[in-house]
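*Asks:* the amino acid sequence is not available; the structure is as follows:
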């Protein structure tokens, strides 16, 4: 496939839900693997979470590798073929022709978004969807996984800043908010398909791929076909209008101070940005 839809997001930022939404279109093939599995598995690379803890911009390091393009393309092709084979039965159940799937979908998270330009070179057409989330919600989630608030602020600042740069510089970059997605899932879903110009699924042909954690569990999930079909009403069950409220209550004043040292400015800028639209038109909020 020579067309791609690439989700840019933070870890723990809701990218699995967004991938399910986009991947439910009959015009999209949803790969089982994420970008890090195309590139970081094997070789000299450290796992992405190691780079995050160190505050290193892994994408910039990876892009300097002479093996980058070759490794990425070969592993992406293998993942596409595996997804086509595994997706056959699901598509048969949905009454869909695989030929309708013109875009391949995968996720590029955290510092790997610095590789967007390199990824774009591998396709004839690429649409990037940047999924942003309130930094305090992410800080709480990362904090509970052992990442100090100050480090969370640095990571958020780097990645969110890059998303803003991408949105400003590219006509093919759509920036959306996690909070909008869970506050009004069905309205968000309708707008999303319109902005991406994708064919809409039938009422009973939406996809839910349960979240799994870590490369071992993701491989097991792929092997056992955990993806299933759900009714459109499934998305309404995600309704959560105050998704970050509990997270903000858990953060201490010191956590907030440490996080804000690096991230408050870029978070304010992110949340002033409304829905943007890929070329040729740019829509207002």
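*Replies:* Alright, I've got the coordinates. Since we're looking at a predicted model, the values are computed, not measured. Residues are numbered from 1 along each chain as shown.
*Asks:* wait, residue 17 sits on residue 238?
*Replies:* Yes. Assessed by Cβ atoms under 8 Å, residue 17 is found in contact with residue 238 at 6.8 Å. To be clear about C-beta, it is placed using only N, CA and C from the backbone, and glycine gets the same treatment.
*Asks:* now do the shared contacts for those two.
*Replies:* 181-182 (Cβ atoms under 8 Å, 6 or more residues apart in numbering).
*Asks:* the two: which is more packed in?
*Replies:* More crowded of residue 17 and residue 238, by other Cβ atoms under 10 Å: residue 17, with 20 against 17.
*Asks:* ok, now which ones touch that one?
*Replies:* 181-182, 238.
*Asks:* and the strands in the stretch 51-200 of the chain?
*Replies:* Ranges of strands in the stretch 51-200 of the chain, per DSSP state E, counting those that start in this stretch, are 103-109, 125-132, 173-177.
*Asks:* and these as TSV, adding mean neighbour count, mean pLDDT and distance to residue 242?
*Replies:* TSV is the format used below for these (neighbours: other Cβ atoms under 10 Å; pLDDT from 0 to 100; distance: least, Cβ to Cβ, whole Å):
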stretch	mean neighbour count	mean pLDDT	distance to residue 242
strand 103-109	22	86	25
strand 125-132	23	94	17
strand 173-177	22	93	14
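*Asks:* compare those strands and give me the one nearest residue 194.
*Replies:* strand 173-177 (11.0 Å; Cβ to Cβ).
*Asks:* packing partners of the closest one?
*Replies:* strand 125-132, helix 149-169, helix 185-196 (3 or more Cβ pairs under 8 Å, 6 or more residues apart in numbering; DSSP states H and E).
*Asks:* what about 7 Å?
*Replies:* strand 125-132, helix 149-169 (3 or more Cβ pairs under 7 Å, 6 or more residues apart in numbering; DSSP states H and E).
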